[in-house]
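Chemist: My questions concern the predicted model and sequence given below.
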Amino acid sequence: MLIEIRNLSFAYGHKTVINGLSHTINPGDYLVIKGKNGSGKTTLIKCLLGINPVKNGMIFFDGKDINSFNNWPKFGYVSQNLDDFNYEFPLTVEELLKFSTVTKASKKNYLKLLDQMGILDIINQNINSLSGGQLQRVFIIRAMLNNPEVLILDEPTASIDKQNTEFFYQTINELNKQGITVILITHTEFISHINYTHLLTMSLDLTFNIVTNDKEDN
Amino acid sequence: MLTLSFLQDLFQQDFMLRALLTGIILGALAPLIGSIVVVRRLSFIADTLGHFSLVGISVSLYISTFGISFFLEKPLYLGLVFSIIGGILIESFRRSYKNYKEISMVIVISLGSAMSAIFFSLAKKTGSLYQYLFGSILTVTNYYLILIFITAIIISILFILFGKQILAVSFDETTARFLGVNVSLFQFIFMVVLSMVVSVLLESVGVLLISSMMIIPVAAAMRFGWSFKSTLIISIVFSELSILLGLWMAYSFIIPSGAAIVSINILILLIVSIVRKIYIHKNLSKLDTLK
């Protein structure tokens, strides 16, 4: 899916968080977004996902304005610290994934994905008893259930250890090699582990800088 | 001897049998919906909808004073309509107070309480208010029993067809859309289902105790459940137990049945909490011994 961001601006009330951001994300790109807290990284992600309302003419998916777009299963999303999910209620891994298999495509996928991620053995465990790394893998599987074209992850390694972080980035690199467009927010120094195509640095003064493999674009 | 005569009357007296059948159906329905309400972190919503449903009942009673037959003279139906309206109002206010979602329920419950007090007074039916506040499962009619049965069938069908979507939205509203769920539609379906359950619970348990019937068995089951399915089954078992024991208490001591049922619910929760604490304490002691 081609994603075009054209002169995107967004404000919370009177506080502008994104100002005039433009970039094109081609199918298969791996865009890493980094910046300090408050620089607008999560805001940008939420604009792309339609969670934050944006004006017409700012974001396009395959040429279609975001406000007319409704094929959201093409996106997979793992939020920061999984804080949108109520995982305090007793729920097993299998139940979590089964409840998420709403479309026909997703119903065939969850066992295969659990096996690929190497966590088929925890299928009957309560999600509350999982480690940070295991939980992260389960939520990545959940985001992948509909075979999305675009996978968006917001600081997914914030609460997991170094070993699991390395495994995580290897997994995402593999998914990107399979042709999935990846947009990832990270704080960390693990950028060297990531086979990104573009690196977007967002600053608190509303400026941004985009670096590709070898050359620099502003 | 009280127990023996209770059991005899339970199956021999029409009103007791109706109460038992009503209780069995509601005992399953309440925690089923209650589990979703708990997942959505909206444990006070049933109370709120119950208070708003009371507006519909009071308006219906007021209109009937003019000799107008409204919805087959059953206040319950207008109660259901107002319960749905209350749900829509809650959702609207929640969007306005994104960081203070509980404010929406306070607004709607206040509006419901005030309006129902006004219309009960205008209808000169303040005496019947007690019945609607605390309910009476022992006075349900055949009509009401059939209505509950039909409601249970409708809700079961809706859950069989759309249970996954409702759960996907309930556990994580933000990402449900990316799983292929029409979030607004299923939020609306859930609100209608919840309003239906609240309206049918109102007559038998009363406004003040609706939340307790729906939430407390689930809260107790969460202490032992290891999965969503096990938690739901355990909550239904606790709920049915409280219905049976509550009916016995109401019959034996001539006390409001709704209050009796909810008291047993609380007792079960207390027992379960104590047992769990003892179990955890024993396990910790074993670990210390091994060290």
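Modeler: Good, I have the coordinates.
Chemist: Report the residue spans of the chain with pLDDT below the cut-off.
Modeler: Assuming you mean chain A. Within chain A, the stretches falling below the threshold (pLDDT under 70) are A:81-84, A:105, A:107-108, A:158-159, A:188-190, A:214-218.
Chemist: my bad, chain B
Modeler: Residues of chain B meeting the criterion pLDDT under 70: B:1-2, B:69-73, B:99, B:126-127, B:288-291.
Chemist: near chain A, which residues of it show up?
Modeler: When proximity is defined by CB under 8 Å from any CB of the partner chain, chain B lies next to chain A at B:35, B:38-41, B:164-165, B:167-168, B:170-175, B:177-181, B:222, B:225-231. Yep, even glycine has a C-beta here, placed from its N, CA and C like the rest.
Chemist: Buried members of those into PyMOL, please.
Modeler: Buried residues within the residues of chain B next to chain A, as defined by 16 or more other CB atoms under 10 Å in any protein chain shown, are selected in PyMOL through the command that follows:
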select buried, chain B and resi 35+38+39+40+164+165+167+168+170+171+172+173+174+175+177+178+179+180+181+222+225+226+227+228+230+231
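Chemist: Of the residues of chain B next to chain A, which belong to helices?
Modeler: B:35, B:38-39, B:164-165, B:167-168, B:170-171, B:173-175, B:228-231 (DSSP state H).
Chemist: how close does residue A:145 get to chain B?
Modeler: Distance of residue A:145 to chain B, computed by CB to the nearest CB, to the nearest Å: 7 Å.
Chemist: Contact partners for that residue?
Modeler: By CB atoms under 8 Å, 6 or more residues apart in numbering or on different chains, the residues touching residue A:145 are A:76, A:97, A:100-101, A:103, A:105-106, A:109-110, A:113, B:179.
Chemist: ditto for residue B:111
Modeler: B:52, B:55, B:89.
Chemist: could you say which helix or strand contains it?
Modeler: Here residue B:111 sits within helix B:102-122, counting by DSSP states H and E.
Chemist: Now do the buried residues in that helix.
Modeler: Buried positions in helix B:102-122, judged by neighbour count with 16+ other CB under 10 Å: B:104-105, B:107-109, B:111-112, B:115-116, B:119-120.
Chemist: what's the answer for stretch B:145-155, then?
Modeler: Neighbour count says stretch B:145-155 has B:145, B:147-148, B:151-152, B:155 buried, by 16+ other CB under 10 Å.
Chemist: which parts of chain A sit against chain B?
Modeler: With the criterion set to CB under 8 Å from any CB, chain A comes near chain B through A:49-51, A:72-73, A:75-77, A:79, A:84-87, A:89-92, A:95-96, A:98-103, A:106, A:124, A:126, A:142-143, A:145-146, A:148.
Chemist: Narrow those to just the buried residues.
Modeler: Buried subset of the residues of chain A next to chain B (neighbour count, 16+ other CB under 10 Å): A:49-51, A:72-73, A:75-77, A:79, A:85, A:87, A:89-92, A:95-96, A:99-102, A:106, A:126, A:142-143, A:145-146, A:148.
Chemist: Sort out which of these are in strands and list them.
Modeler: A:75-77 (DSSP state E).
Chemist: got CSV for these, with distance to residue B:78 too?
Modeler: Compiled in CSV, those are given as follows (distance: CB to CB, whole Å):
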residue, distance to residue B:78
A:75, 43
A:76, 45
A:77, 42
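Chemist: Closest one to residue B:14 out of those, please.
Modeler: Using CB to CB, residue A:77 comes nearest to residue B:14 of those, at 56.1 Å.
Chemist: hmm, back to that, got a winner among the contacts of residue B:111 for most neighbours?
Modeler: Using other CB atoms under 10 Å in any protein chain shown as the neighbour definition, the contacts of residue B:111 reach their maximum at residue B:52, which records 28 neighbours.
Chemist: which SSE is that residue in?
Modeler: Using DSSP H and E, residue B:52 sits within helix B:45-64.
Chemist: angle of that helix against helix B:102-122?
Modeler: Inter-element angle recorded for helix B:45-64 and helix B:102-122: 20 degrees (by axes from the mean of the first three to the mean of the last three CA atoms, to 10 degrees).
Chemist: show me what contacts residue A:20?
Modeler: With contacts taken as CB under 8 Å, 6+ apart, residue A:20 has the following neighbours: A:7-9.
Chemist: brain fart, residue B:117
Modeler: By CB under 8 Å, 6+ apart, the contact list for residue B:117 reads residue B:58.
Chemist: mind checking how far it is from chain A?
Modeler: According to CB to the nearest CB, residue B:117 stands 35 Å off from chain A.
Chemist: can you check residue B:125 too?
Modeler: Distance, residue B:125 to chain A, by CB to the nearest CB: 41 Å.
Chemist: Which residue, other than its chain neighbours, is closest to that residue?
Modeler: Leaving out its chain neighbours, the residue that sits closest to residue B:125 by CB to CB, 6 or more residues apart in numbering or on different chains is residue B:61, at 4.9 Å.
Chemist: related to what we said a few turns ago, which one of the buried residues of stretch B:145-155 is nearest residue B:240?
Modeler: Residue B:240 lies nearest to residue B:152 out of the buried residues of stretch B:145-155, by CB to CB, at 13.7 Å.
Chemist: Can you name the residues that contact that closest one?
Modeler: Neighbouring residues of residue B:152 by CB under 8 Å, 6+ apart: B:25, B:28-29.
Chemist: Can you say which of the residues you listed are buried?
Modeler: When the contacts of residue B:152 are checked for burial by 16+ other CB under 10 Å, the buried set is B:25, B:28-29.
Chemist: Hmm, residue B:131 and the residue nearest to residue B:125 touching each other?
Modeler: No. The pair residue B:61 and residue B:131 fails to qualify as a contact (CB atoms under 8 Å) at a distance of 11.5 Å.
Chemist: the more surrounded of the two?
Modeler: More neighbours sit around residue B:61 than around the other of residue B:61 and residue B:131, counting by other CB under 10 Å; the figures are 22 against 15.
Chemist: which residues sit in contact with the more buried one?
Modeler: The contact partners of residue B:61, taken as CB under 8 Å, 6+ apart, are B:75, B:119-120, B:123, B:125, B:128.
Chemist: Which ones among the contacts of residue B:152 map onto strands?
Modeler: Counting by DSSP E, none of the members of the contacts of residue B:152 fall within strands.
Chemist: Provide the secondary structure category for residue A:151.
Modeler: Local secondary structure at residue A:151 is given as strand here, using DSSP: H, G, I helix; E, B strand; the rest coil.
Chemist: How many neighbouring residues does it have?
Modeler: Residues within reach of residue A:151, counting by other CB under 10 Å, total 21.
Chemist: ok, of the contacts of residue B:111, which one's closest to chain A?
Modeler: Within the contacts of residue B:111, proximity to chain A (CB to the nearest CB) peaks at residue B:89, which comes in at 22.2 Å.
Chemist: In terms of helices and strands, where is that closest one?
Modeler: When secondary structure is defined by DSSP H and E, residue B:89 falls within helix B:75-96.
Chemist: Give the buried residues for that helix.
Modeler: Buried residues in helix B:75-96, counted by 16+ other CB under 10 Å: B:75-87, B:89-90, B:93-94.
Chemist: Distance-wise, check residue B:6 relative to residue B:16.
Modeler: In this view, residue B:6 and residue B:16 are 8 Å apart by CB to CB, to the nearest Å.
Chemist: joint contacts of those two?
Modeler: Shared contacts of residue B:6 and residue B:16, defined by CB under 8 Å, 6+ apart, comprise B:247, B:251.
Chemist: all strands for chain A, in order.
Modeler: Using DSSP E, the strands of chain A run over A:3-12, A:15-25, A:30-35, A:59-61, A:64-65, A:75-78, A:150-154, A:181-185, A:198-202, A:208-212, A:216-217.
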